[in-house]
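Trainee: here is my input, please return the structure:
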Amino acid sequence: MCAGVTGIVCVVAWLVARALGLSLVVLTTGSMSPTIPAGGVAITREVPAVELGLGDVVTVPRPAAELPVTHRIVAVDEVPGAAEARSLTLRGDANDTDDRAPYVVTEAKRVVVSAPAGGGVLTAVTSPAGQGIVVVLVGLCVMVAFWPARPAARPAARA
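Mentor: Below is the predicted model:
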């Protein structure tokens, strides 16, 4: 019963996230502390760059880097010849200076809400060991659900 309810909740959450264009971002550094500390998780929604404004926290790709950056917008400028693009100057809340160069984007993932410790849980569950534990737990739930019931004890015959 519990596994079934958990499964339904997961499927509904996935459908809602897909319908609304939401995704999860785990912050690996403390550059956004105390707003979103290292290990925090942010729920983001991809929006056109023209909808972004000062103070928004966004996740954008970094040129020549594997991981994107999640920082606060401190300046938004139009890009000549590209009506849909914006040049964003970003800075982490814990940083004293702006990022080295602006990011030119046509869309970005804007942070909708964040949880300070959620990233640790998400990282643990999605690690190889975490996935193995989840598989074992789901397997145990299925075994318990389909385990044959013991036959009822028959009353002793009287002589």
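Trainee: show me how far stretch 8-21 is from its chain's centre.
Mentor: Relative to the mean C-alpha coordinate of its chain, stretch 8-21 is positioned 13 Å out (Cα atoms, centre = their mean, to the nearest Å).
Trainee: residues making contact with it?
Mentor: Residues from elsewhere that reach stretch 8-21 (Cβ atoms under 8 Å, 6 or more residues apart in numbering): 22-23, 45-46. From N, CA and C alone the C-beta is placed, and that goes for glycine too.
Trainee: out of these, which is most surrounded?
Mentor: Leu22 (17 neighbours; other Cβ atoms under 10 Å).
Trainee: ok, it touching Thr44?
Mentor: Yes. With contact defined as Cβ atoms under 8 Å, Leu22 reaches Thr44; the gap is 6.9 Å.
Trainee: the chain: helices as residue ranges?
Mentor: 2-20, 118-126, 128-146 (DSSP state H).
Trainee: against which helices or strands is the helix or strand bottoming out on mean pLDDT in the chain packed?
Mentor: For the chain, using mean pLDDT, DSSP states H and E, the weakest element among its helices and strands is helix 118-126, scoring a mean of 72. Counting contacts by 3 or more Cβ pairs under 8 Å, 6 or more residues apart in numbering; DSSP states H and E, helix 118-126 packs against strand 22-26, strand 41-48, helix 128-146.
Trainee: now with 7 Å, please.
Mentor: Applying 3 or more Cβ pairs under 7 Å, 6 or more residues apart in numbering; DSSP states H and E, we find helix 118-126 packed against strand 22-26, strand 41-48.
Trainee: okay, the angle between it and helix 128-146?
Mentor: 70 degrees (axes from the mean of the first three to the mean of the last three Cα atoms, to 10 degrees).
Trainee: give me the low-pLDDT residue ranges for the protein?
Mentor: Counting by pLDDT under 70, the ranges of the chain that qualify are 1-3, 119, 153, 156-157, 159.
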